[in-house]
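K.L.:
Based on what follows, work out the 3D shape:
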Amino acid sequence: MLLPDLNFATMSSLKPVEIVITEASMALKDQARGISSSEIANVLRITIQTTTDADISFRSIYAYGTGKSSNPEEYIPPEDVGSTIMSKHLPYLTSTTNEGVLALVGFIIFLVFRRKKIRQKEQNLYDEAIAKEKSLRYHLQMEVGASQERIDYLKSILTLLTYALKDLKRDLTVLTK
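P.N.:
Coordinates of the predicted model:
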């Protein structure tokens, strides 16, 4: 299988993970920062209501928090436009068998290279998220006397990172096979 069912099938689908990692960095740098000052405040408010034990994907929570979904448990399919176009429209795009074979070979090469780029990006994000998660856990222990908003803010980012790490790890496991 060239591109299995991944949580993050495209480079653009990794953007929310980057946003959460950036938010974690800002939370660690600014002790006064809370949910109300966050750029992803709605996502963080939704995250407070979920638990890390729930069987919900990172993308579902993020989509629900940004208004792209009406149910946090709803399955959000990955945006994989390239494979949809090729699988559904390949017979209509080529006039001869040779052109069809060449188009298919080109598409397979494209998928292999894209898979490699996605894996590298996911590995980098996974490593960054692990580091931020450890730092957030430490800050939660150190900021025991902080305001409830600050504690909720750190916990919600930590929960989001936990979901992202779970999904990234699953993708990395699938991509290394």
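
K.L.:
For the chain, give me the ranges with low pLDDT.
P.N.:
Under the criterion pLDDT under 70, the flagged ranges of the chain are 1-4, 51-54, 68-96, 177.

K.L.:
How far off centre is the longest helix along the chain?
P.N.:
For the chain, the helix reaching the highest residue count under DSSP state H is reported as helix 97-142. Offset of helix 97-142 from its chain centre (Cα atoms, centre = their mean, to the nearest Å): 10 Å.

K.L.:
I'd like the next helix or strand past it.
P.N.:
Of the helices and strands lying after helix 97-142 in sequence (DSSP states H and E), the nearest is helix 148-175.

K.L.:
helices or strands next to that next one in the packing?
P.N.:
helix 15-29, helix 41-48, helix 58-65, helix 97-142 (3 or more Cβ pairs under 8 Å, 6 or more residues apart in numbering; DSSP states H and E). For the C-beta atoms, the positions are set from N, CA and C on the backbone; glycine is no exception.

K.L.:
what's the distance between Ser135 and Ala27?
P.N.:
Using Cβ to Cβ, to the nearest Å, Ser135 is found at 9 Å from Ala27.

K.L.:
okay, these two: which has more neighbours?
P.N.:
Each of Ser135 and Ala27 has its neighbours counted (other Cβ atoms under 10 Å); Ala27 has more, 25 against 15.

K.L.:
In contact with that one, which residues?
P.N.:
Arg33, Leu136, His139, Tyr153, Leu154, Ile157 (Cβ atoms under 8 Å, 6 or more residues apart in numbering).

K.L.:
sorry, back to before: tilt between the longest helix of the chain and helix 15-29?
P.N.:
Here helix 97-142 runs at an angle of 20 degrees relative to helix 15-29 (axes from the mean of the first three to the mean of the last three Cα atoms, to 10 degrees).

K.L.:
Counting by contacts, list what helix 97-142 packs against.
P.N.:
helix 15-29, helix 81-93, helix 148-175.

K.L.:
export those to JSON lines and tack on distance to Ser38?
P.N.:
As requested, the helices and strands packed on helix 97-142 are arranged in JSON lines below (distance: least, Cβ to Cβ, whole Å):
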{"stretch": "helix 15-29", "distance to Ser38": "6"}
{"stretch": "helix 81-93", "distance to Ser38": "30"}
{"stretch": "helix 148-175", "distance to Ser38": "7"}
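
K.L.:
Relative to Arg45, which of the ones you listed is closest?
P.N.:
helix 148-175 (7.5 Å; Cβ to Cβ).

K.L.:
which residues sit in contact with Gln31?
P.N.:
So Gln31 contacts Glu143, Ala146, Arg150 (Cβ under 8 Å, 6+ apart).

K.L.:
Dihedrals phi and psi, the second one?
P.N.:
Spelled out, it's Ala146. In terms of degrees, to the nearest 10, the main-chain angles of Ala146 are phi -70, psi 170.
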